[in-house]
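A.B. asks: Give me a 3D structure for the following:
(chains A and B)
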Protein chains: 2
Amino acid sequence: MDNTFTSKIFSVETLALDGRKESFVRGGRNLFPLLPKALAGIQQIGVIGWGSQGPAQAQNLRESLEGSGIRVVVGLRAGSSSMDNARKVGFTEADGTLGEMLDVIAKSDLTLVLIADAAVAELYPKIFQKLKPGSTLGLSHGFLLGHLGNVGDKFPANVNVIAVCPKGMGPSVRRLYEQGREVNGAGINTSFAVEQDIDGRATDIALAWSVGLGAPYTFKTTMRQEYLSDIYGERGILLGAVHGMVESLYRRYVAEGQSEEEAFVNACEAVTGPISNTISHDGILALYEKLSATEREEFDRAYSAAYAATRPVMEEIYEEVESGNELRSVVMAGKRLQKQPMPGIEGSRMWQVGKTVRANRGKRPAETHAFTAGVFIATMMAQVDVLIERGHPYSEIANESVIEAVDSLLPYMHARGVSYMIDNCSTTARLGARKWGPRFDANLSQLAYPDVDAKKPVDDKLVAAFRDHPIHGVLKKLSAMRPAVDIAVV
Amino acid sequence: MDNTFTSKIFSVETLALDGRKESFVRGGRNLFPLLPKALAGIQQIGVIGWGSQGPAQAQNLRESLEGSGIRVVVGLRAGSSSMDNARKVGFTEADGTLGEMLDVIAKSDLTLVLIADAAVAELYPKIFQKLKPGSTLGLSHGFLLGHLGNVGDKFPANVNVIAVCPKGMGPSVRRLYEQGREVNGAGINTSFAVEQDIDGRATDIALAWSVGLGAPYTFKTTMRQEYLSDIYGERGILLGAVHGMVESLYRRYVAEGQSEEEAFVNACEAVTGPISNTISHDGILALYEKLSATEREEFDRAYSAAYAATRPVMEEIYEEVESGNELRSVVMAGKRLQKQPMPGIEGSRMWQVGKTVRANRGKRPAETHAFTAGVFIATMMAQVDVLIERGHPYSEIANESVIEAVDSLLPYMHARGVSYMIDNCSTTARLGARKWGPRFDANLSQLAYPDVDAKKPVDDKLVAAFRDHPIHGVLKKLSAMRPAVDIAVV
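C.D. replies: The predicted model follows:
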């Protein structure tokens, strides 16, 4: 797979990540004046849907394109309860920036379809029918490509098909963009893909879309690689695995005799606080190198056992996504959700305790906890290794396994608990976290921790492979490109 | 669906189960003299595979057909490590009762394919090629039908295709048959299906096979209904759900301050002991009626919350099986298992405690525990209700949700723990229990128990529906047909 590309408008840089060349474009508000040129011929951008990504992308693009003459119009299903929310931030029928979904599509030159995956599966034939010939269809997720494969269908041949995929939930995309008003360079990075290019302009339209969202940088991928890694990653360390992990650690620490508050700090706050911060700013290896010799022993034991217990689940998830099973599950679940809403995920005792801990924060600041760090990083590395074996580009691997976790998602769990993180994501992600989280919990509780308690010897080869892992070099290079500020979740 | 049938050899009876007619044939050693007539033209029965069902069925049939002139020959892959196990119970190359799988198939008039589902998926084209024209292919599970649907293939047109599906794991099929030497009528009941009948003899061959296995009775189903309910049921209350449930109850009871032994007795021994025994002999309602008024309140609270939390998982499992996803997962997992064996499932602390409890059994006999009973029966009823909605015959619903659990499977968990129950079942079942058990654990721990603790009001309609449920009448009729003895697991 070739991860280099060229642009007529934006300056393209190239990095060697573990020896493989990957091109990228940096963002920044200074580039906004280039957007009209990159989007030449586009008078209207239709943003379809008001879920996780819709509100963020519609508002960011509207702001980035202010004064350009390009209109951003939100399209929703007639009678949608989200209409009011869109009106609240200034998209109105009165000024023609809010309308019925299919009407908006028919009048748009670039249509961003940001509705839930199950709705995409149901509505795509109608959407395809309404697309203007010669226009561009934009997705923030390759799900539809996978679904078309499952049902034996195709994109219409007379449109560009592109994807720009923010590496964070919608609220993060909005929040960091807002922070970017003060500090140029703040934003959630993206990957982009060109699935169909009928007029040679698809790449530049995608790049402009990414810059308009406020992304500090965008790397190239394919729509297929994107949806595989995205759906896999959110079931893994981004959402599902980290939820299962903190549940299992909390119970372990309480059973060991820690107070409930102490257990929450060590199981959850350690991850969302110091561990995330260190990884975000200095990389994974830096975290390891900060540990004392005794702590490293603890880390190594936890790492060995947790890697062995979580790697098989990671492989299973990847294959479930790759085979189309997981996409079919999402479509079926979407139908069930019409009868019965998704249940909560914050019912266990720890999240009550978490409220108290957060209310008293500062009295007992979380520290890096070696055992927790070992389990967290092992699970992360298991995810990374599966993606490397399957040939994903390193920029994507780092994003879907490390950067999105520490820069975009975990700050939400830190601010208000696991539901605030997971349930601000897409329905596909929320379903996947509920489905796979318990598997990680079970494998850690029933396999990894008993191994540790039985003093099973450390797998030295595994730990050495972690220390010498190419991901560290990759993160170092990408770290130089990280946003100028941390996300401030309120 | 018509669940009546006729036989030229066996006497057929008919029951009205919740008003729907279902025919069945009773078994018994007194019928063994009819087997040669029902199997006329069959000189050799090939039993392919030596997993859960193979050893039981090969030995039972050999014994039942002794003196009939019909040979039972075991066929295994060349170099299979199971060859030795088959030899140990008297199937040998020397007397022609043990051979290479494909050779055995080519010489058999009735071929029972009892290899693991993932192996069936891989090997079926070779097996089909070797089947004698005009012979009969027998399966103990409809998996292959589902798999053929997934890959767009069909059974060969020139053979009978039947299924006889014991409602218990292989070791139970063997154990109760052995007990049947002393007490006529002991055995694991079956369902049967005729998928293809090229010569009008398929039904009688299936009935003879069932009688030869020692089944006390067999009801008719279709191969599709069978595999849907079977794969669903083992992921549900038969294996996966009950495992997840006892893990969650044990942790709850320990957290409430019970001693580890006490918690194990209340979470697990209560289910495998008094609750199972009562249901097996007197039905589910009898269990409820034995409870005191205070216990019923406790039961109702647990029932309401657990039903609400587990029913959505049951629906999800059913749809995953129905869509073909679960079968694809099994095939993919089969390939991964060639590189890495399945991990254990008895790692959590409770199973260590269980050993002590079992060693000291008698000192503290388990009693019906109202909360545990409420959770267990709610999960069972959620499973039952999904099968009723999907139109399964009542005999099948009762078998796959109640009878198989209490008469065949739970006695194994009672004797030696959860792994002894689950890991004596098929690979498909073992995979499914590992996949879905944690979901039940999570939904009970994170949804149901918090509801109970928050004193969420009892759902009176739900409890009334349970008390008035047609399953009670069905179980009463089927109970009259249950084996003469309980299984004695050693």
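
A.B. asks: domain parsing for chain A?
C.D. replies: According to automatic domain parsing, chain A comprises the domains A:13-219, A:232-481.

A.B. asks: Show me how far the last one is from its chain's centre.
C.D. replies: The gap between the average C-alpha position of domain A:232-481 and the chain average comes to 14 Å, counting by Cα atoms, centre = their mean, to the nearest Å.

A.B. asks: how would you label the residue lying closest to A:Ala405 once chain neighbours are set aside: helix, strand or coil?
C.D. replies: The spatial neighbour of A:Ala405 that comes closest, neighbours along the chain excluded (Cβ to Cβ, 6 or more residues apart in numbering or on different chains), is A:Leu238 at 5.4 Å. Quick note: C-beta positions are derived from backbone N, CA and C, even for glycine. Following DSSP: H, G, I helix; E, B strand; the rest coil, the label given to A:Leu238 is coil.

A.B. asks: cool, and the one 3 residues further on?
C.D. replies: Three-state call for A:Ala241 (three-state DSSP): helix.

A.B. asks: Surely it touches A:Arg311?
C.D. replies: No. Applying Cβ atoms under 8 Å, one finds A:Ala241 not in contact with A:Arg311, separated by 11.2 Å.

A.B. asks: Between these two, point out the one with more neighbours.
C.D. replies: Each of A:Ala241 and A:Arg311 has its neighbours counted (other Cβ atoms under 10 Å in any protein chain shown); A:Ala241 has more, 31 against 20.

A.B. asks: what's the closest non-adjacent residue to the more buried one?
C.D. replies: Closest residue to A:Ala241 apart from its sequence neighbours, by Cβ to Cβ, 6+ apart: A:Phe440 at 4.5 Å.

A.B. asks: shouldn't that neighbour be in contact with A:Met380?
C.D. replies: No. Applying Cβ under 8 Å as the test, A:Phe440 and A:Met380 come out as separate, 11.7 Å apart.

A.B. asks: Up against chain B, what does chain A have?
C.D. replies: A:251, A:254-255, A:309, A:312, A:315-316, A:319-320, A:323, A:325, A:328-329, A:332-333, A:336, A:340, A:343-349, A:434-435, A:437-439, A:441-443, A:445-447, A:449-451 (Cβ under 8 Å from any Cβ of the partner chain).

A.B. asks: Restricted to helices, list those residues.
C.D. replies: A:251, A:254-255, A:309, A:312, A:315-316, A:319-320, A:325, A:328-329, A:332-333, A:336, A:349, A:434-435, A:437-439, A:441-443, A:449-451 (DSSP state H).

A.B. asks: I'd like to know how many residues surround the residue in the stretch 201-350 of chain A that chain B sits nearest to.
C.D. replies: Distance from chain B to each residue of the stretch 201-350 of chain A (Cβ to the nearest Cβ) is smallest for A:Gly347, at 4.0 Å. Residues lying near A:Gly347 (other Cβ under 10 Å) number 22.

A.B. asks: show me what contacts A:Trp50?
C.D. replies: Going by Cβ atoms under 8 Å, 6 or more residues apart in numbering or on different chains, A:Trp50 touches A:58, A:74, A:76, A:80, A:82, A:85-86.

A.B. asks: Emit the PyMOL select command for whichever of these are buried.
C.D. replies: Only the buried members of these enter the following PyMOL selection, criterion being 16 or more other Cβ atoms under 10 Å in any protein chain shown:
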select buried, chain A and resi 58+74+76+80+86
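
A.B. asks: ok, which pair from the contacts of A:Trp50 is furthest apart?
C.D. replies: The span of the contacts of A:Trp50, defined through Cβ to Cβ, is set by A:Ala58 and A:Ser80 at 13.9 Å.

A.B. asks: Quick check: which element contains A:Val47?
C.D. replies: strand A:44-48 (DSSP states H and E).

A.B. asks: Just checking, which helix or strand succeeds that strand along the chain?
C.D. replies: Following strand A:44-48 in sequence, per DSSP H and E, is helix A:53-64.

A.B. asks: average pLDDT for the next helix or strand after that next one?
C.D. replies: Where DSSP H and E defines the elements, the next helix or strand beyond helix A:53-64 is strand A:71-76. Mean pLDDT, computed over strand A:71-76, is 98.

A.B. asks: Check stretch A:134-149 too.
C.D. replies: Across stretch A:134-149, the average pLDDT comes to 96.

A.B. asks: in it, what counts as buried?
C.D. replies: For stretch A:134-149, by 16+ other Cβ under 10 Å, it's A:135-147.

A.B. asks: and the two most separated of these?
C.D. replies: Longest span within those, Cβ to Cβ: A:Ser135 and A:Gly146, 22.7 Å.
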